[in-house]
Structures are given as C-alpha cells and as structure tokens.
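> Okay, predicted coordinates and the sequence, questions at the end:
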Amino acid sequence: MRFSGAEDKWRARLGTLRDVVRQDLVTRQLAEHLPKSPCHVLDVGSGQGTQALRMAARGHHVIALDASRDLLRLLEAGIQPGMAVRTVQAEAERLGELFEPGSFDVVLCHGLLMYFDDPGPLLADLARLLTSGGMLSLLVRNGDALAMRPGLMGAWPEALRAFEGDHYVNRLGVQARADRLGELTRRLAVHGLKVREWYGVRVFCDAVPDDEPVPDDLEELLAAEERAGRTDPYRRVAALTHLICEKTYISHT
C-alpha cells in the first residue's frame, strides 16, 4: 500500500499535537456508541494501536490488523496484563480470506480508506465482517473541506485544485484521496451500513506544524475541538470525518 513508504514519518509524529487531538477525539466520540458489555472488535489498519489498546483496556476482545510489522511491535509493547489483544500482520485486501462473515461486533477503520482509489471492495469487506446490528467506526479525509488545509497554510494553487477534485498529497508526502460525506453515505448504504452519527476531527488544529508539541492547555483545546466536532457548521470544515455506522442487514455483495 502507498502508505508504507511514509511509515518512518508517521512514527516520528506520534505524540505530537495533531496526533493527540486525532486520537483523543476519536476515542471520545467512539465511547458514546460502544456496547456496554465486552464485544469482539477488529481494528483494520491499526498502526501503532492507540485505539486497539484503548478498546482492550475497556474489556473488549480486540484483533489488530496492519501490514507493518514495526507498527504492530509498537502496539504489542503497549499490551498490559489482562488485555485481550491479538495482532495480525496482513494487508487490508486480505480481510475476506482471514475472517468469517459476521465475526465482529465492532470494526474500526481509521485513516485507511484514503489510500484506496476504489474504496468499494474494502467497504464491502468491512460490512461483511460485522454482525447484524454491529458498528463500523470509519475515519476518512473530509472531501467537502479539502481546500481548508492548503488554504490555511497559504498554498493557494493546491487550495484551488482541491475545490474541483478528491485527490491530494498529504503531509506525509503520499498521494491520497478524500471522501465527501453524502457520496460516502450512499456507498455505505449499498452494503447495509446506515450512518447513525458523524463528527469532525481536527477543526482548529489541522494546520499547525507537524512537530507541534502538546500545549499546557491541552484539556481546554480538546474541549473546544470536541465541541466543534459535533456542531455545525464547524464539523463540516474539519480535516477528518468520523462516521459511526450500524449494520442494518446482511449484505451478500
């Protein structure tokens, strides 16, 4: 996958402000929708495992899948006694052969869809793996506000191009693709996935430098980002869109 060439840059930015805001907001937004009792969770493209480990700390049984052995080692180093976490090194394209349909109550897919020119097959696999009534947490690049980041950074030619298309070069230097909420909602419906709620992630902090450290007033910053992420019109211009979807019927696609 295209992301593999930027893995070192990704690891270097772990723990910076942009990373912390993304991970903490997603955790807070997820918490409102997770089952109360322990359930079976699949984290597709888990990376260093921030969300997988937090899910396991809540008592859920987690399988974390990623193509990178180095990132999975970071995840494994964070597993605490009593956590039910298993790692699988594999490309997301192999989901269909690795897991039986209806195997999971919750599936996470964060920051992965943007690296697929055609997201259809991956969305179909994610839907198939869910039980009826199961939940998909999907974090994507917000195509409806693709011009915001380059505009705020003064990259005017890039901002102008972003109004017309859905492809961009991300801050890791990788060619990627954004999803517009309306179109993605329709794509998900084809596979029996209904969007129950959606949020914005990184409304205010997306354009800060890549190495921006976490400030002393982090809690106030997170409170403002969390409020903006659930409030119109702010959430519509966030860098990322977080969709909470419910599997409403068994798809045979």
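Cool, got the structure. Predicted, not measured: the structure shown is a model, and the values here were computed from it. Residues are numbered from 1 along each chain as shown.
> Against residue 10, how distant is residue 24?
In this structure, residue 24 and residue 10 are separated by 18 Å, where distance is defined by CB to CB, to the nearest Å. No exception for glycine: its C-beta is placed from N, CA and C like everyone else's.
> can you tell me the helix or strand for the nearest residue to residue 49 once chain neighbours are set aside?
Take residue 49 and drop its neighbours on the chain: the residue closest to it by CB to CB, 6 or more residues apart in numbering is residue 75, 2.9 Å away. When secondary structure is defined using DSSP states H and E, the element that contains residue 75 is helix 69-77.
> again with residue 138
With secondary structure defined by DSSP H and E, residue 138 is part of strand 130-141.
> mind listing what's buried in that strand?
Within strand 130-141, the residues that qualify as buried by neighbour count (16 or more other CB atoms under 10 Å) are 130-131, 134-141.
> swap in stretch 118-132?
Residues of stretch 118-132 classed as buried by neighbour count (16+ other CB under 10 Å): 119, 122-131.
> ditto for stretch 239-253
Residues of stretch 239-253 classed as buried under the neighbour-count rule (16+ other CB under 10 Å) are 239-247, 251.
> for stretch 22-35, same thing?
Applying a neighbour-count criterion of 16+ other CB under 10 Å, one finds 22-26, 29-30, 34 buried in stretch 22-35.
> I'd like those as TSV, with pLDDT, distance to residue 182 and secondary structure appended.
Listed next are the buried residues of stretch 22-35 as TSV, based on pLDDT from 0 to 100; distance: CB to CB, whole Å; DSSP: H, G, I helix; E, B strand; the rest coil:
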residue	pLDDT	distance to residue 182	secondary structure
22	98	23	helix
23	98	27	helix
24	98	27	helix
25	98	22	helix
26	98	22	helix
29	98	20	helix
30	97	23	helix
34	94	26	coil
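> between those, which is nearest residue 105?
Top of the list for closeness to residue 105, among these and by CB to CB, is residue 34 at 9.3 Å.
> Which residue lies nearest the spatial centre of this protein?
residue 110 (1.8 Å; CA atoms, centre = their mean).
> re earlier: and the strand holding residue 138, what other elements does it pack with?
Judged by 3 or more CB pairs under 8 Å, 6 or more residues apart in numbering; DSSP states H and E, the packing partners of strand 130-141 are helix 17-31, strand 104-110, helix 120-129, helix 181-190, strand 193-201, strand 240-247.
> I'd like the average pLDDT over the helix or strand just after it.
Later in the chain than strand 130-141, the nearest helix or strand by DSSP H and E is helix 148-152. Over the span of helix 148-152, the pLDDT mean works out to 95.
> For the next helix or strand after helix 148-152, list every residue counted as buried.
Counting by DSSP H and E, the element after helix 148-152 in chain order, helix or strand, is helix 156-162. Buried residues in helix 156-162, counting neighbours by 16+ other CB under 10 Å, are found at 158-159, 162.
> what does stretch 107-117 give?
Buried residues in stretch 107-117, counting neighbours by 16+ other CB under 10 Å, are found at 107-116.
> rewinding a little: let's have the helices and strands packed on strand 130-141 in a markdown table, adding distance to residue 89.
Below are the helices and strands packed on strand 130-141 laid out as a markdown table (distance: least, CB to CB, whole Å):
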| stretch | distance to residue 89 |
| --- | --- |
| helix 17-31 | 22 |
| strand 104-110 | 17 |
| helix 120-129 | 17 |
| helix 181-190 | 27 |
| strand 193-201 | 27 |
| strand 240-247 | 26 |
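> looking at the ones you listed, which is closest to residue 215?
Ranking these by proximity to residue 215 (CB to CB) places helix 17-31 first, at 7.1 Å.
> Name the residues of the helix or strand bottoming out on mean pLDDT in the chain that are buried.
Evaluated with mean pLDDT, DSSP states H and E, the helix-and-strand set of the chain has its lowest mean pLDDT in helix 7-12, which scores a mean of 88. In terms of neighbour count (16+ other CB under 10 Å), helix 7-12 has its buried residues at residue 10.
> quick one: contacts of that helix?
When contacts are taken as CB atoms under 8 Å, 6 or more residues apart in numbering, the neighbours of helix 7-12 outside the stretch itself are 3, 47-48, 68, 70-71, 74, 172-173.
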